[in-house]
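In: Structure for the following, please:
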Amino acid sequence: MIHNATIDQQVNHRSIRKFKDQQLTEEQLTTLYTVFQHTATSLFMQNATLLHITDETKRAKIRELCGQKYVGAQGDLFIFVVDLYRNQQIRQQLGKDDGRLHTTDIFFQGLDDTLLAWQNVANAVESMGLGYVPLGTINDHPLAMLDVLDLPKLTFPALGMQVGIPDQDPQLKPRLPLEFTTFENDYPRDFTVDNLKDYDQVVTTYYDLRDTNKRIDSFTKQITGEKLNTKAIDRDELPELLHKQELCLDWKLN
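Out: Below you'll find the model as predicted:
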């Protein structure tokens, strides 16, 4: 395996959930904004927007919806938004209709743009000696979050990120071995759960030894546990949110 500063940083990534009580500097913010700006974009549509949440009332509401005490606490809170509204305004103000902006196809292009930008910013954060944690929880209660963020139609908050100066040094979480996740040309269909016994033991040991949020769960136990059990949760509102935002409305073309 090749080693350099960038690769070593990526393979040693740890999510940080405890930060020092210090905000990013203007120089650091400008750097992250510029990295966001220069991310690859599908068809040069530039369908992504970055929100830096500094209002304390709004941060507190987001923290409550996410159910995680570190969200919007120490450090800086960012929300990465799929943004088709801007291009809608360009079209409308120049005398065009919305075209394909409401389709699932264009939404996924915007989602690709937004997630690529998220990862670019994440890499930049760690390269500056800072830490971050992904915030998928911004969609745990999607309709309520939409009200808090007060986003226009044709936008969707895809992913959040809490950034700051690390105030912890967590263990490296063990990932699935490459033999289960990387293949050449064809996807194998001979997967056998018994082959995960060694990995299950590694994961169990990791949870047994970590210094916070202790639990002893093998990987297969997590996959067969509450996370994927059939039950109604607020995340099931995501299709309703997308339609409310006038996204993924392919039926309008019929």
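In: who touches stretch 108-126?
Out: Applying CB atoms under 8 Å, 6 or more residues apart in numbering, the external contacts of stretch 108-126 come out as 6, 9-10, 13, 31-32, 35-36, 38-43, 45-48, 50, 78, 80-84, 131-132, 134, 156, 158-159, 161, 163. Yep, even glycine has a C-beta here, placed from its N, CA and C like the rest.
In: Those in helices, which ones?
Out: Of the positions in the contacts of stretch 108-126, 6, 9-10, 31-32, 35-36 sit in helices, assigned by DSSP state H.
In: need the helices for the stretch 101-250 of the chain, in chain order.
Out: Remark: helices assigned in the stretch 101-250 of the chain by DSSP state H, counting those that start in this stretch are 104-127, 142-149, 197-209, 219-223, 238-244.
In: Take those and write them to a markdown table, including distance to residue 57, mean neighbour count and mean pLDDT.
Out: Converted to a markdown table, those look like this (distance: least, CB to CB, whole Å; neighbours: other CB atoms under 10 Å; pLDDT from 0 to 100):
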| stretch | distance to residue 57 | mean neighbour count | mean pLDDT |
| --- | --- | --- | --- |
| helix 104-127 | 25 | 19 | 98 |
| helix 142-149 | 9 | 18 | 97 |
| helix 197-209 | 36 | 14 | 91 |
| helix 219-223 | 35 | 14 | 92 |
| helix 238-244 | 22 | 14 | 96 |
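In: Let's have those helices in a markdown table, adding distance to residue 188.
Out: Listed next are these as a markdown table, based on distance: least, CB to CB, whole Å:
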| stretch | distance to residue 188 |
| --- | --- |
| helix 104-127 | 26 |
| helix 142-149 | 35 |
| helix 197-209 | 17 |
| helix 219-223 | 18 |
| helix 238-244 | 31 |
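In: Out of the ones you listed, the one nearest residue 25 is which?
Out: Nearest to residue 25 among the helices of the stretch 101-250 of the chain is helix 104-127; the distance by CB to CB comes to 13.1 Å.
In: Pull that closest one out as CSV, backbone CA atoms only.
Out: Below are the C-alpha coordinates for helix 104-127, written out as CSV (Å, rounded to 0.1, in the frame of the first residue of the first chain):
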residue,chain,number,x,y,z
THR,A,104,-35.4,12.2,-9.7
ASP,A,105,-32.5,12.2,-12.2
ILE,A,106,-31.6,15.9,-11.5
PHE,A,107,-32.1,15.4,-7.7
PHE,A,108,-29.5,12.6,-7.8
GLN,A,109,-27.1,14.8,-9.7
GLY,A,110,-27.6,17.4,-7.0
LEU,A,111,-27.1,14.8,-4.3
ASP,A,112,-23.9,13.6,-5.9
ASP,A,113,-22.6,17.2,-6.0
THR,A,114,-23.5,17.7,-2.4
LEU,A,115,-21.9,14.5,-1.0
LEU,A,116,-18.8,15.0,-3.1
ALA,A,117,-18.5,18.5,-1.6
TRP,A,118,-19.1,17.1,1.9
GLN,A,119,-16.2,14.6,1.5
ASN,A,120,-13.9,17.3,0.1
VAL,A,121,-14.5,19.5,3.0
ALA,A,122,-14.1,16.6,5.4
ASN,A,123,-10.6,15.9,4.0
ALA,A,124,-9.7,19.6,4.2
VAL,A,125,-10.8,19.7,7.8
GLU,A,126,-8.5,16.9,8.9
SER,A,127,-5.7,18.2,6.8
